[in-house]
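Participant: Sequence first, predicted model second:
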Amino acid sequence: MKYVIMFTSTPELDAAVPPERAQDVYSRIYEWFGANAQQIADSGAELQPVTTATTVRSGGDGPVVADGPFSEAKEVIGGFSIIDVPDLDAAIALVKTWPSLELPGVAVEIRPMVVDYSQFEK
């Protein structure tokens with residue numbers, strides 16, 4: 001089963017974590033990707049800051065384009081990967097080893113992917 005895992009944090013995290021601590025966590029993140037390569041279907045990417053985002057959303061006269069993210073949540077998606085594991089329990093076990101989870105305000109969302117589009121056929 002394929003899942004998207006999205007790595008989130010809060011804007012305050014960068015200010016709260018000393019640079020040497022952040023570097024240590026980044027080093028362990030690279031090790032994590034290497035150690036779990038067989039379960040990672042797509043290594044995903046770290047995302048640029050939210051200040052670079054553009055959002056397209058529905059509007060009364062058609063799609064509206066706006067600068068910046070469109071999110072009601074305080075969390076910021078910092079990156080993502082696609083994992084291929086047998087089930088949700090395996091996804092949870094893998095994500096629990098994500099090095100950044102020891103930092104305050106970090107979360108990883110696990111969301112199943114639609115892999116069989118035939119369910120949408122009429």
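Facilitator: Okay, I see it.
Participant: give the contact list for Leu47.
Facilitator: Ile77, Gly78, Gly79, Phe80 (Cβ atoms under 8 Å, 6 or more residues apart in numbering). For the C-beta atoms, the positions are set from N, CA and C on the backbone; glycine is no exception.
Participant: Please enumerate the strands of the protein.
Facilitator: Along the chain, counting by DSSP state E, strands occupy 2-9, 40-46, 54-57, 64-67, 76-84, 107-112.
Participant: Show me how far the third one is from its chain's centre.
Facilitator: Distance of strand 54-57 from the chain centroid (Cα atoms, centre = their mean, to the nearest Å) equals 19 Å.
Participant: Give me the mean pLDDT for it.
Facilitator: For strand 54-57, the mean pLDDT works out to 77.
Participant: For that strand, name the packing helices and strands.
Facilitator: Here strand 54-57 touches strand 64-67, going by 3 or more Cβ pairs under 8 Å, 6 or more residues apart in numbering; DSSP states H and E.
Participant: then the strand it packs on to PDB, C-alphas only?
Facilitator: C-alpha atoms of strand 64-67 as PDB (Å, rounded to 0.1, in the frame of the first residue of the first chain):
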ATOM      1  CA  VAL A  64      -8.400  32.800  -8.300                       C
ATOM      2  CA  VAL A  65      -4.600  33.000  -8.100                       C
ATOM      3  CA  ALA A  66      -3.100  34.400  -4.800                       C
ATOM      4  CA  ASP A  67       0.400  34.700  -3.500                       C
END
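Participant: Strand partners (parallel or antiparallel) of that strand?
Facilitator: The pairing partners recorded for strand 64-67 under DSSP bridges are strand 54-57 (antiparallel).
Participant: so where's the longest helix in this protein?
Facilitator: Using DSSP state H, we find that the single longest helix of the chain is helix 19-35.
Participant: got the buried residues for it?
Facilitator: Val25, Arg28, Ile29, Trp32 (16 or more other Cβ atoms under 10 Å).
Participant: was I right about the last one contacting Lys96?
Facilitator: This points to Trp32. No - assessed by Cβ atoms under 8 Å, Trp32 is found out of contact with Lys96, at 11.4 Å.
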